[in-house]
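[1] okay, here's the prediction I keep looking at, along with the sequence it came from:
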Amino acid sequence: MQIILFAEIINIKLITYGLNSISLFSSIIMTHKSIYLVGLMAVGKSTVGKLLAEKLNRPFFDSDKEIEKNAGAEISWIFDVEGEEGFRDREEQVIRELSAKTGAIIATGGGVVEREENRKRIAEKGTVIHLDCPNETLVERVRNDKKRPLLQGSEVDQVLMTLKKRRDPLYREIADYKFISDKQTTSALVRAIIARLDR
């Protein structure tokens with residue numbers, strides 16, 4: 001009886017939305033699979049993530065903001081007091097918590113891929129989108145940013161180049177899709193992402 005009722009519900013959805021069984025199954029799976037945005041600092045993960053969540057009617061989470069909320073302090077303070085290793089421990093815990101959610105849009109910190117456990121968890125639990133843009137664009141975006149611990153007291157362009165060289169292979173390792181984020185508006189980029197996900 002339950003099987004027949006389920007089949008009737010499926011048939012109603014197929015007729016209502018003009019879907020075939022494959023596209024319906026795909027839409028159900030995609031709705032429950034979280035989307036992770038990865039990439040270097042300042043590529044636009046949070047900005048794109050918020051709009052993507054709005055367009056797809058999904059919850060949005062920023063892993064850095066979740067770390068700050070859990071710690072009751074800004075990331076710069078965590079770096080000062082606990083060092084980068086302490087921050088990465090907190091980040092791993094937050095990624096573990098966020099990966100338990102379904103259907104979310106999650107903007108991650110730029111260094112989340114530095115730990116293998118994070119890479120495995122993100123790749124297994126969701127669809128991974130790598131946002132990238134030229135180094136000179138990133139330099140302009142962060143030049144006057146005083147809140148990014150890895151940039152303090154350093155040559156910004158050199159730091160970003162070093163991070164990019166180290167992290168790009170890790171982003172590529174887990175990314176399902178890659179988009180360049182400085183060639184179009186946020187709205188156009190989000191439309192492009194949604195179009196790719198719908199294929």
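    Right, received. Where do you want to start? Residues are numbered from 1 along each chain as shown.
[2] quick one, what contacts residue 53?
    Residue 53 makes contacts with 59, 60, 104, 105, as judged by Cβ atoms under 8 Å, 6 or more residues apart in numbering. From N, CA and C alone the C-beta is placed, and that goes for glycine too.
[3] if you set the cut-off to 6 Å instead, what comes out?
    60, 105 (Cβ atoms under 6 Å, 6 or more residues apart in numbering).
[4] report pLDDT for it.
    Residue 53 carries a pLDDT value of 98.
[5] that one looks like it's in a helix, true?
    Yes. When DSSP: H, G, I helix; E, B strand; the rest coil is applied, residue 53 is found to be in a helix.
[6] now the strands for the protein?
    Per DSSP state E, the chain carries strands over the ranges 34-38, 60-62, 105-107, 126-132, 177-180.
[7] out of these, flag the one nearest residue 115.
    strand 34-38 (12.7 Å; Cβ to Cβ).
[8] in its sheet, what does that closest one sit against?
    Using DSSP bridges, the strands paired with strand 34-38 are strand 105-107 (parallel), strand 126-132 (parallel).
[9] stretch 168-181 spans what distance, first to last residue?
    Chord length of stretch 168-181, first to last residue, is 15 Å (Cα to Cα, to the nearest Å).
[10] hmm, I typed the wrong one, I wanted stretch 100-119.
    15 Å.
[11] and it, what's buried?
    Using 16 or more other Cβ atoms under 10 Å as the test for burial, stretch 100-119 gives 103-115, 118-119.
[12] from the residues you listed, which land in helices?
    118, 119 (DSSP state H).
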